[in-house]
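**Q** Just to be clear, the model below is a prediction. Sequence and coordinates:
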Amino acid sequence: MRIVFDALRAPGDRDPYGVTLARQQLDIAYQWLEDNLGKGPWAMGDAFTLLARPAFARAVEEARPYRPLFPLGAPDRD
């Protein structure tokens with residue numbers, strides 16, 4: 001959230017140091033996930049994806065109108 005909140009701030013009020021720390025923390029967390037979960041096995045097998053889950057697919061679809069409002073979003077890919 002620190003990265004998102006920073007993107008919402010006016011350019012003169014941004015916190016590059018805080019964003020750097022947040023990115024380092026994300027890198028550590030993602031590496032842990034890769035090391036511990038990267039190869040599976042997965043409870044739902046290889047065919048299950050987030051968008052295949054009806055509740056998640058509905059949430060993504062309902063959020064589409066708001067994607068351009070998210071400063072770090074990627075409306076061209078979900």
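**A** Yes, it's here. Numbers count the residues shown, from 1 in each chain.

**Q** pLDDT below threshold where in this protein?
**A** By pLDDT under 70, the weakly predicted segments of the chain are 73-78.

**Q** what about the longest helix in it?
**A** Secondary structure assigned by DSSP state H gives helix 16-37 as the longest helix of the chain.

**Q** just how off-centre is that helix within its chain?
**A** Mean C-alpha position of helix 16-37 versus that of the full chain (C-alpha atoms, centre = their mean, to the nearest Å) differs by 12 Å.

**Q** tell me what that helix is packed against?
**A** Packing partners of helix 16-37 (3 or more C-beta pairs under 8 Å, 6 or more residues apart in numbering; DSSP states H and E): helix 2-8. The way it works is simple: take the backbone N, C-alpha and C, and place the C-beta from them, glycine included.

**Q** what's next to the helix it packs on, contact-wise?
**A** 14-15, 18-19, 21-23, 70-72 (C-beta atoms under 8 Å, 6 or more residues apart in numbering).

**Q** For the following helix or strand past the longest helix of the chain, list the C-alpha coordinates in PDB.
**A** Later in the chain than helix 16-37, the nearest helix or strand by DSSP states H and E is helix 54-63. Coordinates of each C-alpha in helix 54-63 appear next as PDB, following Å, rounded to 0.1, in the frame of the first residue of the first chain:
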ATOM      1  CA  PRO A  54     -16.600 -17.400 -10.400                       C
ATOM      2  CA  ALA A  55     -16.400 -15.100  -7.400                       C
ATOM      3  CA  PHE A  56     -13.000 -13.700  -8.400                       C
ATOM      4  CA  ALA A  57     -14.000 -13.400 -12.000                       C
ATOM      5  CA  ARG A  58     -17.100 -11.400 -11.000                       C
ATOM      6  CA  ALA A  59     -15.000  -9.100  -8.700                       C
ATOM      7  CA  VAL A  60     -12.500  -8.400 -11.600                       C
ATOM      8  CA  GLU A  61     -15.400  -7.700 -14.000                       C
ATOM      9  CA  GLU A  62     -17.100  -5.400 -11.600                       C
ATOM     10  CA  ALA A  63     -13.900  -3.500 -10.900                       C
END
